[in-house]
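[1] After the sequence you'll find the predicted model.
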Amino acid sequence: GCPTVSGVMREVVTSVQAAAGLVRRASAARAVEATQMNAQSSRSHTLFMLYITGIHEAAGKKLEGCLNLVDLAGSERTARSGATGERMKEACAINKSLSCLSDVFTAISAKQSHIPYRNSKLTHLLAPCLGGDGKTLMFVNVAPEESSIEETLCSLRFASQVNTCELGGRNGGGGAKRNIQNLTSDKVDDNHLVSSSCKYFTHL
């Protein structure tokens, strides 16, 4: 399945360049502020959703899917970042959503019957990606400086926790599933055998 958000603009793109342009627009809209640790500290997560439709006329099939590109804001120790006021509220919101994401991975790893996707907007939107019908790849960035050892260890522990998850194995699932449909009798335009559309938004 694909996550949906009411009230969010969805744009059709017909080329890689158009999709890259949307990514740049989303990046420009992302909230960043200076802290004592980072001159351009991300104050929100970013989720870019690319909906793709492929049509095979000869087989009479249509394949639909969604690619989610997620850039998570890093966890933040306010004692080091010096965050106060609004920056403190943002840091707390970021840390809470990352904690909720960790809880989801813990529940999946333990094969619990209830997965707490609805505990945050972030995990609610990512539920279709993590719930058994999709595949997920995560990259974890760490800082090489010795002064950031605590943040690095925290990131590595999170990566280790994620690595224990086996998606698609719950409830008899067999991993990622393809959303294939039979075409209707309507004629398909040869110039639109593959189409895609994108959503972008920030401040999760």
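    Done, it's in. Quantities reported herein were computed from a predicted structural model and do not represent experimental measurements. Numbering: from 1, shown residues only.
[2] Now do the same for the top helix by length along the chain: mean pLDDT, whole number.
    In the chain, taking DSSP state H as the definition, the longest helix is helix 86-109. Averaging pLDDT along helix 86-109 yields 86.
[3] now that helix: how far from the chain's centre is it?
    Helix 86-109 sits 14 Å away from the centroid of its parent chain (Cα atoms, centre = their mean, to the nearest Å).
[4] What is the very next helix or strand once past it packed up against?
    The C-terminal neighbour of helix 86-109 among helices and strands, as given by DSSP states H and E, is helix 121-130. Contacting helix 121-130 under the criterion 3 or more Cβ pairs under 8 Å, 6 or more residues apart in numbering; DSSP states H and E are the following elements: strand 46-56, strand 61-71, helix 86-109. To be clear about C-beta, it is placed using only N, CA and C from the backbone, and glycine gets the same treatment.
[5] who touches helix 121-130?
    Applying Cβ atoms under 8 Å, 6 or more residues apart in numbering, the contact partners of helix 121-130 are 1-3, 5, 45, 47, 66, 68, 70, 72, 97, 100-101, 103-104, 108, 115-118, 134, 136, 167, 204.
[6] For the helix or strand following it, buried residues please.
    With elements assigned by DSSP H and E, the helix or strand that comes after helix 121-130 is helix 149-163. Neighbour-count burial for helix 149-163, counted by 16 or more other Cβ atoms under 10 Å, picks out 151-152, 154-155, 158, 162.
[7] got it, and stretch 73-84?
    Under the neighbour-count criterion of 16+ other Cβ under 10 Å, stretch 73-84 has 73-76, 81, 83 buried.
[8] my guess is Leu22 contacts Glu11, does it?
    Yes. With contact defined as Cβ atoms under 8 Å, Leu22 reaches Glu11; the gap is 6.5 Å.
[9] now Leu122: how far from Ile94?
    Using Cβ to Cβ, to the nearest Å, one gets 10 Å for the distance from Leu122 to Ile94.
[10] With Phe139 instead?
    Phe139 sits 18 Å away from Ile94, taking Cβ to Cβ as the criterion.
[11] Compare these two (neighbour count), which wins?
    Neighbour count, other Cβ atoms under 10 Å: between Phe139 and Ile94, Ile94 has more, with 22 against 5.
[12] Dump the buried residues of stretch 73-84 to a markdown table, plus pLDDT.
    Listed next are the buried residues of stretch 73-84 as a markdown table, based on pLDDT from 0 to 100:
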| residue | pLDDT |
| --- | --- |
| Ala73 | 80 |
| Gly74 | 73 |
| Ser75 | 71 |
| Glu76 | 70 |
| Ser81 | 74 |
| Ala83 | 72 |
